[in-house]
Structure formats: C-alpha cells, structure tokens
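In: 3D, please:
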Amino acid sequence: MAKKLTADEKYELITRRLQETLSGDIIKKVLEERDCKGYWGTATTGKPHIGYFVPLVKIADFLHGGVEMTILLADLHAFLDNLKAPLSLVALRVKYYRFLLESVFRATLHVPISQLKIVVGTDHQLTPAYNMDNYRLCATITEHDAKKAGAEVVKQVGNPLLSGLLYPGLQALDEQYLGVDFQFGGVDQRKIFTLAEQYLPKLGYAKRAHLMNRMVPGLAGGKMSSSDPNSKIDFLDPPNVVRKKIKLAFCEEGNIEENGLLSFVEAVLIPVGELRKEFISRGMKSQVDGSDLILPKYVGGGGAGGGGAGAVFTIERDEKYGGPVHYTSYAQLEEEFAAKKVHPGDLKKAVADAIIELLEPVQREFEANEEWKDVAAKAYLSETAKKEEGKKKKVYVPPPPGVVPKGKGAKRDESAAAAAVPAVVEGASLTPEQGTTASAPGQTPIGGLPQSTLGEEAVDAVKHDVDLEID
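Out: Below is the predicted model of the structure:
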C-alpha cells in the first residue's frame, strides 16, 4: 500500500522543478484542510510539439501530490489570439489535442489519469454568468494593463485586434469558473498571472496561487513555438524528420549558454527518466498493457535498472571512441560539454535517439486510430494540402496558335504546332491582318470557331498576360 503523503511532502511535489511560484502560501493553507485543485490551459492552435513534455511531466507531479487537475483546451482563446485558429477548425483541433494529450500520458509517461479532467473552454465561457463577469472585468481593467499582460503570449502585430486585449482577462476568469486553487503555466504567462491576482479580488473572487515552469528553447534558439516549424519537433514527426531537425539544430562545441539540445536534456529527458524511476520504485505498471515498466534506453542503457547505475542520461558511443558515457546529473553533462569533452555530434545523436524513443508509443497509437488520423487531416488542412500539392503532376499546356515557342519546351511546342498544320481547311488563307479564316465560301472555320482574328487575340493575350475570352 502506498505511503500517505503529508501536507509538506505534497507541497514539495507540487512545487519541485518549477522556475517560479507566486502566492505559494495559498497552496500550503489549502493542504492543511484538503487536497488542492489546479488547472493548466493550452490554446488549441498549431500541433503540439515536444516542448509540451515539460508541463505534462509536471502535471504528473501534481497528480502524485493528490491534486485534482484540470486541463483546459482553450478553444475560444485559440480564436481570439489574432485568429490563429479559424472557428471552423477549432472543434477539430480540440479533438486532436485530446487524442494527443491522453496518448502521451498513457503510452509514454504512463501517468494514471483518474484524477485528471479535460474540459473545453466554450463549455463555460459562453454562459450568461461568465459573459457578465467578462463585462465587469472589462469595466475594471485598463487598456494598458490588458495589453501588457498579453505581451508575451498573444501574437503581436502592427495593427492588433481588440480580441488580444480580452485574452488575459478571460484566462483570469477561468480560475474562478473552474473552481481551482492554482493555475499552472509557462513563465511566459507571468504577466497574465499577476493580472489575475490583482483583478479577480476586485470582482469579489479569491486570489489564486500561480506556478510556472521554465520555457524550452527552440532548436535554433528562442522559444519553441507551434507556429515555427524550424524551432520544434512535433509528436508525430517520423524518425528521419527528427534526426534531420536535430542535425540542423544549433549546437556549438563548448557553448552551453545558447544550446537548445542541452536545455532539452535538462528540462525534458532527465525529468521523464526520473519520473519513470519513481514509478518503477512504487511498483506501478504500464498504462497500456499492465506490464512492468522499464527505463528508457537513454537512462543508463535502459531496462529495469539501466546499465549505468544512478545515471540520468547516457550518450552511446562506439568503443573506439571510448564507449558509452553515463551521467549522474545534468550538471556533470553540462560541465563536460563546456570543457569540450562531449562532441556536438555525439550529443545530437543521443538526443535524437531519446526523442524517437519517447515518441514511438504515441505514433504507434496514432497509426492504429483511424478517427485520430481523420481528425488530424481535417484539423490541419494546410499541412495536408502541402503534402498533396507535392504529389501533383505537371500538365503540359501548349501555347496559343501563332506564339513562337521558347525555352526548354520549344521542341515539344514546335512538334505540336507541326501536328496541328493539317487541321487547316484546304483553301484557307492566313494573313497577319485576318488571323486564321476560311476563304472559300461555305467552308467551316477551324475548330468550329467563328471567323475572327482569334490568332491575333491569343497572341495579344499572351503578350499582355491577360485572359482570352471567346464568345
């Protein structure tokens, strides 16, 4: 039987590995009486990337600490954020996110989700009470504060829409309508969190605590973003795409300040490995088939205990280059990379192998789920269209009569023109003034077209790049 955690132990689990905690005393006070309730929201815009592992691993800590956790699929926020997701696609993307998040929790992280609720924003955000509170909030928050709060989250453009100013206030109101004690998010949400702490009490609602995880840098530096394909790796990217993106990632030898791969090892790979170790020690089973859990291969070589005792990350190398290296802490890995004892190529291969290993169970579930695949194709039409566009065959269209062919297709055009000559009716005369006409009485014009200067019109249309109309 699992040991019952004390209030202090629960607080330690809830707040560990966070970058910042605001009003943590609220959580401590609640834990003296009952378990906490929290929520994490994500706007259903672009396809989730592997940076989502950071909040999902942290949510596993919350669940272990007894938190009743809610994931908010913020469909209305997705639409309000400078129209990132059209309303016609929002519902489909909500389904895609639900499929994906449940699969990651179950197949990769093996997190029991009986205490986890997944809700959709418009289920409560379109109610009369919520809308009335939104108006009350709009009558309280200044334009300056609303704009400042969304500066790091809402897409910034030269001529911003009013919807971007509503975004932060709605996120604050969600705390009240979801009935939680704290909101969790990335450190980029800090200004929205402080706005919530300042303005919710002005509506007569309780102040909540706010927990923030670090942001995962993109592969080319900066923030890992769903809207920038070069900065991220999607959960459904196949192994060859993962390796290609990692190969192109910035990873300068000895540089630990601007190294997205090292940051990913620290923020994702090591925490996932440590979480798996904890689950194994507690006798937990696979959430897919009930089998015994084993460590990922990148943790000491994998298996029930791993080949490298106490390792948190392993770089596999050929024996001629020194064999595998097991690191017992991130600090050790960072120190050796800074000292140029770890080659960028070895780090890239190790990170690529680890990511592929984590994504494989999710991709296997995706391939076995026809409904999920159908939703993915419809929810992200632009990506599907690009793939189909690449498959289109080029169709040869010959030039209009009278146009002298040039370039690579000239010979083919000349052949086509020569083949067309016999089609001229016997006795017809061709003059620059007349174009193609039938000179003998009663003869049928070529192609059944009326006697006119069609040839001249076609040539003129090509020269001036205009559409030719035939009555």
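
In: Of all the residues in stretch 165-182, which ones are buried?
Out: 165-178, 180-182 (16 or more other CB atoms under 10 Å). Every C-beta, even on glycine, is put in place using the N, C-alpha and C of the backbone.

In: Just the CA trace of stretch 153-172, in CSV.
Out: Once non-C-alpha atoms are left out, stretch 153-172 reads as follows in CSV (Å, rounded to 0.1, in the frame of the first residue of the first chain):
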residue,chain,number,x,y,z
VAL,A,153,1.5,35.3,-25.1
VAL,A,154,-0.8,37.0,-27.5
LYS,A,155,0.6,37.3,-31.1
GLN,A,156,2.0,40.8,-31.5
VAL,A,157,1.2,42.6,-34.8
GLY,A,158,1.3,46.1,-36.1
ASN,A,159,-2.4,46.7,-36.0
PRO,A,160,-3.7,44.5,-33.2
LEU,A,161,-7.2,43.3,-32.9
LEU,A,162,-9.4,44.0,-29.8
SER,A,163,-9.6,40.2,-29.2
GLY,A,164,-6.0,40.2,-28.0
LEU,A,165,-6.9,42.6,-25.1
LEU,A,166,-9.7,40.2,-24.0
TYR,A,167,-7.5,37.2,-23.9
PRO,A,168,-5.7,37.8,-20.5
GLY,A,169,-9.0,38.7,-18.7
LEU,A,170,-10.7,35.6,-19.9
GLN,A,171,-7.8,33.5,-18.7
ALA,A,172,-8.0,35.1,-15.3
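
In: Show me the strands in the stretch 251-400 of the chain, by range?
Out: Taking DSSP state E, counting those that start in this stretch as the criterion, the stretch 251-400 of the chain contains strands spanning 313-315, 325-327.

In: and the last one, which strands flank it?
Out: When you say that, I think you mean strand 325-327. Each strand paired with strand 325-327, and its direction, by DSSP bridges: strand 313-315 (antiparallel).

In: For the strand it pairs with, give the mean pLDDT please.
Out: Averaged across strand 313-315, pLDDT comes to 95.

In: Please apply the same query to stretch 295-302.
Out: Rounded mean pLDDT across stretch 295-302 is 86.

In: just stretch 166-179 next, same as before
Out: Mean pLDDT, computed over stretch 166-179, is 95.

In: Ok, stretch 347-366 next?
Out: Mean per-residue pLDDT for stretch 347-366: 97.

In: ok now that stretch, how far from the chain's centre?
Out: Averaging C-alpha positions (CA atoms, centre = their mean, to the nearest Å) puts stretch 347-366 16 Å from its chain's average.

In: ok, residues contacting that stretch?
Out: 50, 53, 99-100, 103-104, 106-108, 233, 235-239, 242-243, 246-247, 249, 251, 261-262, 264-265, 269, 272, 288, 296-298, 313-316, 337, 372-373, 376 (CB atoms under 8 Å, 6 or more residues apart in numbering).

In: still on that earlier bit, restricted to helices, list the buried residues of stretch 165-182.
Out: Among the buried residues of stretch 165-182, the residues falling in helices (DSSP state H) are 165-177.

In: Scan the protein for its longest helix.
Out: The chain, longest helix under DSSP H: helix 344-367.

In: Just the CA coordinates for that helix, please, in PDB.
Out: Taking C-alpha atoms only, helix 344-367 is exported to PDB below (Å, rounded to 0.1, in the frame of the first residue of the first chain):
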ATOM      1  CA  PRO A 344      28.200  18.000 -30.500                       C
ATOM      2  CA  GLY A 345      27.700  15.100 -32.900                       C
ATOM      3  CA  ASP A 346      27.500  12.600 -30.000                       C
ATOM      4  CA  LEU A 347      25.100  14.800 -28.100                       C
ATOM      5  CA  LYS A 348      22.900  15.300 -31.200                       C
ATOM      6  CA  LYS A 349      22.700  11.500 -31.800                       C
ATOM      7  CA  ALA A 350      21.900  10.800 -28.200                       C
ATOM      8  CA  VAL A 351      19.100  13.400 -28.100                       C
ATOM      9  CA  ALA A 352      17.700  12.300 -31.400                       C
ATOM     10  CA  ASP A 353      17.600   8.700 -30.300                       C
ATOM     11  CA  ALA A 354      16.000   9.600 -27.000                       C
ATOM     12  CA  ILE A 355      13.300  11.700 -28.600                       C
ATOM     13  CA  ILE A 356      12.500   9.000 -31.100                       C
ATOM     14  CA  GLU A 357      12.100   6.500 -28.300                       C
ATOM     15  CA  LEU A 358       9.700   8.800 -26.400                       C
ATOM     16  CA  LEU A 359       7.600   9.500 -29.500                       C
ATOM     17  CA  GLU A 360       7.300   5.900 -30.800                       C
ATOM     18  CA  PRO A 361       4.500   4.800 -28.400                       C
ATOM     19  CA  VAL A 362       2.400   7.800 -29.300                       C
ATOM     20  CA  GLN A 363       2.900   7.400 -33.000                       C
ATOM     21  CA  ARG A 364       2.000   3.700 -32.800                       C
ATOM     22  CA  GLU A 365      -1.300   4.700 -31.200                       C
ATOM     23  CA  PHE A 366      -1.900   7.300 -33.800                       C
ATOM     24  CA  GLU A 367      -1.400   4.800 -36.700                       C
END
